[in-house]
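Student: no sequence on hand, only this structure:
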């Protein structure tokens, strides 16, 4: 809470801004908070549609629900700090909202992280949480901060081609 309040107010240190990757600005606050809100809204919309379809037609029909939000994916942010161009972790916020708001429908969440960097923020935020499984497929030579432990981490060699990447992903 303290980090969020300080960030929104512009009361972050130079080191914190450097860890995030860009200086604080009101425009940055608006972009960051709207990105988190968009990811939460997309997750809630999918959960509501799932519940609507399940009530109407049964679980098989509900399995066709899906959604996306292209402005999110801020997987390097932690509880108390941002990192790697990620101020707040929209994925973690949306997962927690879905678990809290839809306990009868959402019992387990898979975070599938397919970025070149490990989803270190997600790994830390969900350590020891059985209701969230973190999976990160990333480059073995592209860590800009301390390596963390996801539920499943798969490291690919630097400069691997699409065939290797897709074959590895399809095997998982």
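Tutor: Received the coordinates, thanks. Quantities reported herein were computed from a predicted structural model and do not represent experimental measurements.

Student: from now on I want contacts and neighbour counts done on CA atoms only, so please keep to that.
Tutor: OK.

Student: quick check, pLDDT for residue 66.
Tutor: Looking at residue 66, its pLDDT is 67.

Student: remind me, longest helix of this protein?
Tutor: Taking DSSP state H as the criterion, the chain has its longest helix at helix 26-57.

Student: check which residues of that one are buried.
Tutor: 29, 32, 35-51, 53-54 (16 or more other C-alpha atoms under 10 Å).

Student: which neighbouring elements make contact with that helix?
Tutor: Applying 3 or more C-alpha pairs under 8 Å, 6 or more residues apart in numbering; DSSP states H and E, we find helix 26-57 packed against helix 2-9, helix 59-62, helix 90-101.

Student: in the chain, where is pLDDT below threshold?
Tutor: Applying pLDDT under 70 to the chain picks out residues 59-67.

Student: can you pull up the most central residue in it?
Tutor: residue 91 (2.9 Å; C-alpha atoms, centre = their mean).

Student: thought that one was touching residue 74?
Tutor: Yes: the pair residue 91 / residue 74 is scored as a contact, 6.8 Å apart, by C-alpha atoms under 8 Å.

Student: if we can go back for a sec, which of the helices and strands packed on helix 26-57 sits most buried?
Tutor: Mean neighbour count (mean count of other C-alpha atoms under 10 Å) peaks for helix 90-101 among the helices and strands packed on helix 26-57, with a mean of 19.

Student: so how far is that one from its chain's centroid?
Tutor: How far helix 90-101 lies from its chain's middle: 10 Å, per C-alpha atoms, centre = their mean, to the nearest Å.

Student: quick check: next helix or strand after that helix?
Tutor: The helix or strand immediately downstream of helix 90-101 is strand 109-113, counting by DSSP states H and E.

Student: who touches that next one?
Tutor: With C-alpha atoms under 8 Å, 6 or more residues apart in numbering as the test, strand 109-113 has contacts from 91, 95, 119, 131-137.

Student: from these, pick the one nearest residue 83.
Tutor: Sorting the contacts of strand 109-113 by distance to residue 83 puts residue 119 at the head of the list, at 11.0 Å, by C-alpha to C-alpha.

Student: brilliant, that's me finished.
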